[in-house]
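Peer 1: Okay, sequence plus prediction incoming.
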Amino acid sequence: MEIRSHSTFDRAEWSRLRSSVPLLLAEEELALLRGANEPMSIAEVEEICLPLVRLISLHVNAARSLAAVTDEFVGRASHARPFIVAIAGSVAVGKSTIARVLKLLLSRATDHPKVDLIATDGFLWPAEKLLRDGMMDRKGFPESYDVRRMIEFLAQARAGERASAPVYSHTSYDIVPGAFDVVEAPDILIFEGLNVLQIGDGVNRRHGPVFTAADFFDLSIFVDAEPDVIEQWYVDRFLLLQRTRMQDPESYFHHLAGASREEAVQFAQRLWQTVNLPNLLENILPTRQRADVIIHKRADHTADRLLLRRI
């Protein structure tokens, strides 16, 4: 994969960019941050995530300096605003684990101790609306999100205001009524989801100014792998969840709890081929080049190369 707008680093080259950033994460803590079927190692944290922590920290400091210049120019008191990092990529590619690891590592730095993480799942339309509008088999596609609410959240967070995001349950496969994750003036906000780098927003353009989610991001990361590799990860994760979360009677997929391995594999492959792969090819992959950092992963879940947008 070569993208002319980005410089490419192999794993060893990227690892050296860590400089002196310390590893402030223990193995037992990492175990709690790993997602289902996401075997991130301490070596991956050291060689891939710590250089990212350094890059983000440098960008945060630069953004603060630039904001101070603007404040001085207009003659107002300096006002800190959250630095927003977007993490995009396919379902099952491991972006949620990377987001959680970065949140913890960044929060342990003295110059930006308050770090919040919000996943875009909370901005999906409730299952009732998806069913009513015939969009349940389009879940994860851009039209399945309440984009206006997402933009309002990002605008409030970027302005340093108190902002709340709905909570999504991966057990019930639906929005949790009356539950919200609240963000209030963090130093860094990590915003993670499938289509966060998309230009199209689904908002009616006849009603006032138009924004996209990407307008609010200071730095963006795309987690990448070959589609056939991601499919295998997706199926493996589905089988793991069948043995765990799907055993809960409240699980949306509880009807598969007792299915044979062959039946579960066929069901997962059908979901991948009819929903997740089309969304990846039509909506997610086309945004890859817009990311500041692209992390390409091998079939063993480890990163082999990273691409950094030339500035």
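Peer 2: It's in. Since the structure is predicted, the reported quantities are computational estimates derived from the model, not experimental observations.
Peer 1: does Val182 count as helix, strand or coil?
Peer 2: Secondary structure assignment for Val182 (DSSP: H, G, I helix; E, B strand; the rest coil): strand.
Peer 1: ok, it touching Ser164?
Peer 2: Yes: counting by CB atoms under 8 Å, Ser164 is a contact partner of Val182 at 4.9 Å. Backbone N, C-alpha and C define where each C-beta goes, glycine included.
Peer 1: quick one: which of the two has more around it?
Peer 2: Counted by other CB atoms under 10 Å, Val182 and Ser164 do not tie: Ser164 has more neighbours, with 17 against 10.
Peer 1: so who does the spatially most central residue of the chain touch?
Peer 2: Centroid check for the chain by CA atoms, centre = their mean gives Glu192 as the closest residue, at 2.2 Å. Glu192 sits next to Ala86, Ile87, Ala88, Lys95, Ser96, Ala99, Leu117, Ile118, Ala119, Thr120 when contact means CB atoms under 8 Å, 6 or more residues apart in numbering.
Peer 1: now do Phe141
Peer 2: Phe141 neighbours (CB under 8 Å, 6+ apart): Met135, Asn195, Asn279, Asn283.
Peer 1: Can you list phi and psi of the last one for me?
Peer 2: Spelled out, that is Asn283. Main-chain dihedrals, Asn283, degrees, to the nearest 10: phi -120, psi -30.
Peer 1: quick one: it and Val196 touch, right?
Peer 2: No: here Asn283 does not reach Val196: they are 11.0 Å apart, not a contact under CB under 8 Å.
Peer 1: Who has more neighbours out of those two?
Peer 2: Regarding Asn283 and Val196, a neighbour count based on other CB under 10 Å identifies Val196 as having more, with 27 against 18.
Peer 1: Give me the neighbour count for Cys49.
Peer 2: 24.
Peer 1: so what's it closest to, chain neighbours aside?
Peer 2: Val101 (5.4 Å; CB to CB, 6 or more residues apart in numbering).
Peer 1: same thing with Val53?
Peer 2: Nearest to Val53 is Leu105, by CB to CB, 6+ apart, at 4.9 Å.
Peer 1: Count residues in the vicinity of the one you found, would you?
Peer 2: Leu105 sits with 22 neighbouring residues when counted by other CB under 10 Å.
Peer 1: Likewise for Pro22?
Peer 2: For Pro22, the number of neighbouring residues by other CB under 10 Å comes to 11.
Peer 1: if we can go back for a sec, surely the residue nearest to Val53 and Leu25 touch.
Peer 2: Yes: here Leu105 reaches Leu25: they are 6.2 Å apart, a contact under CB under 8 Å.
Peer 1: related to what we said a few turns ago, just checking, the residue nearest to Cys49 touches Leu25?
Peer 2: Yes: at 7.3 Å, Val101 counts as touching Leu25 under the criterion of CB under 8 Å.
Peer 1: quick one, which of the two is more surrounded?
Peer 2: More crowded of Val101 and Leu25, by other CB under 10 Å: Val101, with 23 against 18.
Peer 1: Any stretches of the stretch 1-150 of the chain with poor pLDDT?
Peer 2: Where the stretch 1-150 of the chain drops to pLDDT under 70, the residues are 1-2.
Peer 1: Repeat the analysis, applying 90 as the threshold.
Peer 2: 1-4, 36, 64-72, 74-81, 109-112 (pLDDT under 90).
Peer 1: Please enumerate the helices of it.
Peer 2: 11-16, 27-33, 42-44, 50-74, 95-107, 127-132, 147-158 (DSSP state H, counting those that start in this stretch).
Peer 1: Show me what counts as buried in the shortest one.
Peer 2: For helix 42-44, the buried set under the neighbour-count rule, 16 or more other CB atoms under 10 Å, comprises Glu44.
Peer 1: Can you tell me how far the residue nearest to Val53 is from Ser78?
Peer 2: As judged by CB to CB, to the nearest Å, Leu105 and Ser78 stand 27 Å apart.
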